[in-house]
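Novice: let's see this in three dimensions:
(chains A and B)
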There are 2 protein chains.
Amino acid sequence: MSYIAPLKDMLFDIEHLANIHEVAKLPLFEDAGLETAQAVLEECAKLNQDVIAPLNVEGDRNPSSLKDTVVTTTPGFKAAYVQYAEGGWQGLQQPTEFGGQGLPKTIGASCTEMINSANMSFALCPLLSDGAIEALLTAGSDELKATYLEKLVTGQWTGTMNLTEPQAGSDLALVRSRAERQPDGTYKVFGTKIFITYGEHDMAENIVHLVLARVPGAPEGVKGISLFVVPKFLVNADGSLGERNDVFCVSIEHKLGIKASPTAVLQYGDHGGAKGYLVGEENRGLEYMFIMMNSARFAVGMQGIAIAERAYQKAVGYARERVQSRPVDGSVAGSAPIIHHPDIRRMLMTMRAQTEGCRAMATVAAAAYDAAHHHPDAEVRKQNQAFYEFMVPLVKGYSTEMSLDVASLGVQVHGGMGFIEETGAAQYLRDAKILTIYEGTTAIQANDLVGRKTLRDGGQVAKAIAAQIEKTEAELAKLGSAEALAVADRLKAARESFVRVVEFVVGSMKASPNAVFAGSVPYLLMAGRLVAGWQLARSLLVATELAAKGQDVPFMQAKIVTARFFADHVLNGVPATAHSIVEGADSATAMALDAF
Amino acid sequence: MSYIAPLKDMLFDIEHLANIHEVAKLPLFEDAGLETAQAVLEECAKLNQDVIAPLNVEGDRNPSSLKDTVVTTTPGFKAAYVQYAEGGWQGLQQPTEFGGQGLPKTIGASCTEMINSANMSFALCPLLSDGAIEALLTAGSDELKATYLEKLVTGQWTGTMNLTEPQAGSDLALVRSRAERQPDGTYKVFGTKIFITYGEHDMAENIVHLVLARVPGAPEGVKGISLFVVPKFLVNADGSLGERNDVFCVSIEHKLGIKASPTAVLQYGDHGGAKGYLVGEENRGLEYMFIMMNSARFAVGMQGIAIAERAYQKAVGYARERVQSRPVDGSVAGSAPIIHHPDIRRMLMTMRAQTEGCRAMATVAAAAYDAAHHHPDAEVRKQNQAFYEFMVPLVKGYSTEMSLDVASLGVQVHGGMGFIEETGAAQYLRDAKILTIYEGTTAIQANDLVGRKTLRDGGQVAKAIAAQIEKTEAELAKLGSAEALAVADRLKAARESFVRVVEFVVGSMKASPNAVFAGSVPYLLMAGRLVAGWQLARSLLVATELAAKGQDVPFMQAKIVTARFFADHVLNGVPATAHSIVEGADSATAMALDAF
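Specialist: You can find the predicted model right below:
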């Protein structure tokens, strides 16, 4: 099998780090305890392992193609998508009133990981549908909800997010697409949107585009952007499909990776105007889009974890099989499988520790999301919301940056074979490179971390997290094992460095915004390392306790080794990053612009 | 122009760091002073900028193809190669007696960089010819030299290195190809070689394969490997081409990058045996191959620098043109070119500092090579040889690892456009990924650094380098500028950490070989950062002095900023790496093998 879902690790995180028993106390989630999680994850693993994963290589070799505005996806994708939709997977976390299963994100996050490990190009279609669903749930009128939600939730139709235009990428203030109000209350939408994932395809009967555009007389900049639903096929009053709307795919991109996922240029309104429906109020589009984006950003973070997991599994498989050279310690007399060589093990450990660290971080963030949305106590909801919002740029930014390193190490473990496309390791690297770019580049995530998540509250949430980490350090000290003490040391140094940087960010913004923003990505990366390392430290505490009780000792030992490795090899770099941010801010921006 | 050779920076290094005036005092190099360097580099730049660079994208889109054992290269490659050969560039560093120009490596290294920046796939053909020339110069009989050298040096024929077999990659002990001695003193060669760069092509009239194989009764392992010349076409006594030899290309690989460079599977002897000629003595093949490899490894390091330079230039170009968002410091009222954004500048500075640091390191290593080969004083030769040999794994290992990061940052600067193949930034990332693999993976370089370059002399050369670095620190302290003092601080910390690791390596090998080799790649990377940072620190000293004299002040200021940036953002991570190596050795190898 080309992919085996890491159910044991996922369930460990869900049970012991995300505390699913607490999630199951929330209203609506009474049935969503550990047993449900296990049953859902096992079922999800089957579909992804057996049906979706085998299409991954095929998608890379035989990508989506365009002919006369029609996109044909990779053979097998449509049938797999139908199976996915019919299994109810699109609606896993969506409200039951619209045909969803209403499960918590604490469970859903692992399912998102699995489908992306199986086939990232395929998984992008449901990922974008989720964004559209989220936007309609948040701001759609009852009529829009009634018309579109159930079809999207059941996967009968799919959704897209249309933000980017040739001149407007990270800077949505530059969006120029326009929407003109018609007497019947609908709009005519005109413009060109680029980089639209699954903007056109043949896997579902209709596509629901969510489109940013300006109405006449709207304010300049981001405060003049509205959000519209523009379906590929208009929908009749009885819910059946009507005429073809005036939105057409004029080209799809030739990309480094995720080749099976069609990245469309969509032309709106060239034949009189595409019929669109306002979502919420005029000029509040960006606000709604941010809701979609927060959800999508978390999911992209899961993609990073997913591709890292798949790259790790492939590398381990090769390292067990490839025989080359005698181990330096003489433990094998002749040539041995390369997994015996210390450098191969260092690479595999790096891949594994980064993947498990980010998975733990994301699972805990998902549980915070659930509490933020469903806890009966408003104060608890608020705290969890703040924690979750701080985590989103870390899950997105850090998990994707690490996935690049992990996928590159995956190629490296394969040596020369890794460079040959038939091997398959290179595809993960090519696929992963989009993750630090779309749904906001790492720099955009870092801007969010600095601006909305740190400066806005003067660093309070950041410091509250640091205080929680300090408690974990105390628990490690109390446990007192050699591993726990070593991890506590590294965690303390990293946490102190983090607080130092938070204070630098808050204290320097007014006088030296360039200095703060030159350090924004390093700040994000150090925060990601800290939180991932912290969650692995928590794993160590749990694993030590369970191992002492004799529960699955080899697994628990592996968790302990992984936490220690992360502390010794990843977390220990945090103080130097803090130094770069604080003392290195000047040299990062000192070069004269014309000297580059 | 898609590539502009960084002549100013190259000549700065050649003049002030590699001290070309000292090289020009060596016998044979009397005419190879700064003026010669400048003239050669300018001529080289023209050819590469105007003729070879424009073929780079074409090579990626329209790679070499195979039909019936015949490889057809990218349109334009053959004509460009003829121009390259006729310009005498193949023989730049080769002896004049065989038609070369006899120039020092101090100059040649920059030319190697340029052709690889222009077109890495193209440049691989001459790179491999250089290896074949080196092997024949070292160990070829007079007859072999007379038959092959001039044709190779003038570029009329090309050369290859045939090491790898399906079961023998990093581990050459597993080579199975065999060579049977014939009554006339020639050999019949049989076997399959894979990953043979330019193993078959249409750019030159003959190909001279250098092939590792075993003679009957040879000892097991690497001590039983011999080296043979196997020409594609046999050579008549008068030097004209004779019959086709029994070596045929049976397939070429479909690769992640360097697509224009044909990577051949060569089948030897399927029609009775390929005629081969022994190079040197039987069973000493690996020894000769190592000479070729040392030369090729240095050149691969230059490829890393080259691709990093090209990626940097492209990213700067895009960052100047792409308008997106308002600068955080309010320095521009509206949306500005993204080069105004601090994170873009941080990325560009990282790319630039890494590239310049590695270029400085390689140029200094090249000068040591020249002194090692030509200095009249045996003791000076020996010292330079030891220094050069220590540098080879750093130039190869570190420059290529950094080139991956730099090429990835190059894509990142381009945002979504970077992921689109038409943009061209992604090609550099795809091309770069081979560099950490071929001519010995980074782990193989690290084994060399640990084994031959550190353990063998008990760390003496390493410590001698550290002592030289300490002198630079003293000079920085004496200079006393804020930049000099900051750099001195970081350099000192890095140098002390390096010495600590050298002592760990030397002291722990016997008791804990796994611990030492688990840290071997981190050791290589920290040593690379240290030496590159040291050379940039030397640049800072020179640049400060020259700026004070009013010489090209903007350039000198840029050198100072770059040195400072490298110290604050790259060099400052060295102590943490030392910690990982020493304290983290256990956790790197603690995972049970079956727990992966």
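Novice: where does whichever residue of the stretch 51-200 of chain A sits closest to chain B land on pLDDT?
Specialist: Of the stretch 51-200 of chain A, the residue with the smallest distance to chain B, taken as C-beta to the nearest C-beta, is residue A:171 at 4.2 Å. Placement of C-beta: from N, CA and C, glycine included. Per-residue confidence for residue A:171 comes out at a pLDDT of 94.
Novice: that one against residue B:335, yeah?
Specialist: Yes - here residue A:171 reaches residue B:335: they are 6.0 Å apart, a contact under C-beta atoms under 8 Å.
Novice: mutual contacts of the two, please.
Specialist: Residues touching both residue A:171 and residue B:335 (C-beta atoms under 8 Å, 6 or more residues apart in numbering or on different chains): B:324, B:325.
Novice: are we agreed that residue A:230 is in a strand?
Specialist: Yes - residue state for residue A:230 (DSSP: H, G, I helix; E, B strand; the rest coil) corresponds to a strand.
Novice: is it true that it touches residue A:188?
Specialist: No - here residue A:230 does not reach residue A:188: they are 10.0 Å apart, not a contact under C-beta under 8 Å.
Novice: distance from the chain centre to the strand ranked longest in chain A, please.
Specialist: In chain A, with assignment by DSSP state E, the single longest strand is strand A:187-197. Between the centre of strand A:187-197 and the centre of its chain there are 24 Å (C-alpha atoms, centre = their mean, to the nearest Å).
Novice: equivalent analysis for stretch A:205-219, please.
Specialist: Here the centre of mass of C-alpha atoms in stretch A:205-219, compared against the chain's by C-alpha atoms, centre = their mean, lies 25 Å away.
Novice: does that stretch reach chain B?
Specialist: No - interface with chain B: stretch A:205-219 contributes nothing (C-beta under 8 Å from any C-beta of the partner chain), its closest point being 15.0 Å away.
Novice: alpha carbons of that stretch, as CSV, please.
Specialist: Output in CSV follows, covering the C-alpha atoms of stretch A:205-219 (Å, rounded to 0.1, in the frame of the first residue of the first chain):
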residue,chain,number,x,y,z
GLU,A,205,-22.6,18.8,-12.0
ASN,A,206,-22.3,22.3,-10.8
ILE,A,207,-19.6,24.7,-9.4
VAL,A,208,-20.5,27.4,-6.9
HIS,A,209,-18.0,30.2,-7.3
LEU,A,210,-17.5,32.7,-4.5
VAL,A,211,-16.2,35.8,-6.1
LEU,A,212,-14.8,39.1,-4.7
ALA,A,213,-15.8,42.1,-6.8
ARG,A,214,-16.6,45.8,-6.4
VAL,A,215,-20.0,47.4,-6.8
PRO,A,216,-20.1,50.8,-8.5
GLY,A,217,-19.2,53.6,-6.2
ALA,A,218,-17.6,51.3,-3.6
PRO,A,219,-14.8,52.7,-1.5
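Novice: quick one: mean pLDDT for that stretch?
Specialist: 98.
Novice: for that stretch, which positions count as buried?
Specialist: Neighbour-count burial for stretch A:205-219, with 16 or more other C-beta atoms under 10 Å in any protein chain shown as criterion, is recorded at A:206, A:207, A:208, A:209, A:210, A:211, A:212, A:213, A:214, A:215, A:218.
Novice: just stretch A:233-242 next, same as before
Specialist: Going by neighbour count (16+ other C-beta under 10 Å), the buried part of stretch A:233-242 is A:233, A:234, A:235.
Novice: mean confidence for stretch A:85-101?
Specialist: 97.
Novice: just give me how far it sits from the chain centre.
Specialist: So, by C-alpha atoms, centre = their mean, the centroid of stretch A:85-101 is 20 Å from its chain's centroid.
Novice: now do the end-to-end distance for that stretch.
Specialist: From the first residue to the last, stretch A:85-101 extends over 12 Å; the measure is C-alpha to C-alpha, to the nearest Å.
Novice: give me the buried positions along it.
Specialist: Residues of stretch A:85-101 classed as buried under the neighbour-count rule (16+ other C-beta under 10 Å) are A:85, A:87-94, A:98-101.
Novice: ok, back up a step: what residues are up against the residue of the stretch 51-200 of chain A closest to chain B?
Specialist: With contact set as C-beta under 8 Å, 6+ apart, residue A:171 has these partners: B:324, B:325, B:335.
Novice: just the ones of those residues in strands?
Specialist: Among those, no member is found in strands (DSSP E).
Novice: near chain A, from those residues?
Specialist: When the contacts of residue A:171 are filtered against chain A using C-beta under 8 Å from any C-beta, the residues retained are B:324, B:325, B:335.
Novice: quick one: buried ones out of those?
Specialist: B:324, B:325, B:335.
Novice: can you list those residues in a markdown table and add pLDDT?
Specialist: Conversion of these to a markdown table gives the following (pLDDT from 0 to 100):
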| residue | pLDDT |
| --- | --- |
| B:324 | 96 |
| B:325 | 95 |
| B:335 | 94 |
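Novice: between the residues you listed, which is nearest residue A:542?
Specialist: Comparing those against residue A:542 with C-beta to C-beta places residue B:325 closest, at 43.7 Å.
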